[in-house]
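Undergrad: this is a predicted model, with the sequence first.
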Amino acid sequence: MTIIQYLAKCIGAIALLTMITAPLMTAQVDLKAGAGVGITSAVSDLNGSTMEYYTGTKYGQNSGLNIHGKGKVGLGRVDLVGEINFSSLGNTGNSEPGQGSVEITQKILSLKVGPEFHITIPALPIRPYAGVNLAWNRFSGEANFQGVSKIPSATYSVKEATRLGAGFTIGAEVSIGPLLSLDFTTAYNFMNISGNEWLDMNPAGNERIDSYLALNDSKDPLYAVGDDKHFISNDRSIHSMLFTVSLLFGL
């Protein structure tokens, strides 16, 4: 399945689920807003070791902190959910076994929107739900190399990049008062299903460091076996899992 086909299926799924549940909506509108914290876990090529980062196979990120704000517009059994969240990831280690020091950070700002489908359980203050969303993701970060082969020792900024993504959520709201609830969510995010590219920030230099100065989630078009300057051999998928809790206020 191509990236475009996958994106089209995600959009189609959101539209179809919204159409199916539209007759269940009521005229009453329920508004909620709040904020929370959680853990972002690097998945797929976003995770890995600093040695895998050095070889260009993965991004080498560990889990990190997530902070977010969330709003919900309730329409019967369907909520329209908007969310902004910020994740901070990082890792420290060697570039090769017992050699070189690498410290990398990854900042991700995400804007999400999509429907959430919930079930009301009579006599219980718990409201389970499942949802889908489309997302705009902005990536930024830094890489610090010290004593690493073929890379001058320094801290380098990584060019900001934006990608379109999609995600799926499951969770439950637990009422803790007339206008208060705790929202527990698990989400899986496909963060770069559109917009992938390989970008050379210093085309005149033709050095190994050039490959680390942008997100570069597509294969290097100049890749060749054994070339230590053009070594990113495949597209890289950026996925994450989020485990969050939010405090929501009824409006």
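TA: Yes, it's here. Numbering: from 1, shown residues only.

Undergrad: next SSE after the biggest strand by length in the chain?
TA: As assigned by DSSP state E, the longest strand anywhere in the chain is strand 154-177. Later in the chain than strand 154-177, the nearest helix or strand by DSSP states H and E is strand 180-194.

Undergrad: could you dump that following strand to CSV, C-alpha only?
TA: C-alpha atoms of strand 180-194 as CSV (Å, rounded to 0.1, in the frame of the first residue of the first chain):
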residue,chain,number,x,y,z
LEU,A,180,-15.3,17.6,35.8
SER,A,181,-13.9,14.4,34.3
LEU,A,182,-10.6,12.6,33.8
ASP,A,183,-9.9,11.4,30.3
PHE,A,184,-7.6,8.4,29.9
THR,A,185,-6.3,7.9,26.4
THR,A,186,-4.1,5.5,24.5
ALA,A,187,-3.2,6.7,20.9
TYR,A,188,-1.3,5.3,18.0
ASN,A,189,0.0,7.9,15.5
PHE,A,190,1.3,7.5,12.0
MET,A,191,3.2,10.8,11.9
ASN,A,192,4.7,11.0,8.4
ILE,A,193,2.3,9.4,5.9
SER,A,194,2.6,12.4,3.6
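
Undergrad: give me the contacts around stretch 113-128.
TA: By CB atoms under 8 Å, 6 or more residues apart in numbering, the residues outside stretch 113-128 that reach it are 14, 17-18, 21, 72, 77-83, 129-134, 167, 169-176. From N, CA and C alone the C-beta is placed, and that goes for glycine too.

Undergrad: now for residue 245: which residues touch it?
TA: Neighbour list for residue 245: 36, 37, 38, 182, 183, 184, 185 [criterion: CB under 8 Å, 6+ apart].

Undergrad: so what's the fifth one up against?
TA: With contacts defined as CB under 8 Å, 6+ apart, the neighbours of residue 183 are 34, 36, 70, 171, 172, 173, 174, 244, 245, 246, 247, 248.

Undergrad: grab the nearest non-local neighbour of it.
TA: In space, and not counting its chain neighbours, residue 183 is closest to residue 246: 4.2 Å by CB to CB, 6 or more residues apart in numbering.

Undergrad: same thing with the fourth one?
TA: With sequence-adjacent residues excluded and distances taken as CB to CB, 6+ apart, residue 182 is closest to residue 174, at 4.8 Å.

Undergrad: distance of the one you found from residue 207?
TA: Per CB to CB, to the nearest Å, residue 174 is found 54 Å from residue 207.

Undergrad: repeat that for residue 165.
TA: As judged by CB to CB, residue 165 and residue 207 stand 31 Å apart.

Undergrad: the more surrounded of those two?
TA: Just comparing residue 165 and residue 207: by other CB atoms under 10 Å the higher neighbour count belongs to residue 165, 23 against 14.

Undergrad: that one: what's it in contact with?
TA: Per CB under 8 Å, 6+ apart, neighbours of residue 165: 110, 134, 135, 136, 137, 189, 190, 191, 192, 193, 194.

Undergrad: before we move on, the earlier item: pairing partners for the longest strand of the chain, with directions?
TA: Using DSSP bridges, the strands paired with strand 154-177 in its sheet are strand 126-146 (antiparallel), strand 180-194 (antiparallel).

Undergrad: buried deepest among the ones you listed, which one?
TA: strand 180-194 (a mean of 20; mean count of other CB atoms under 10 Å).
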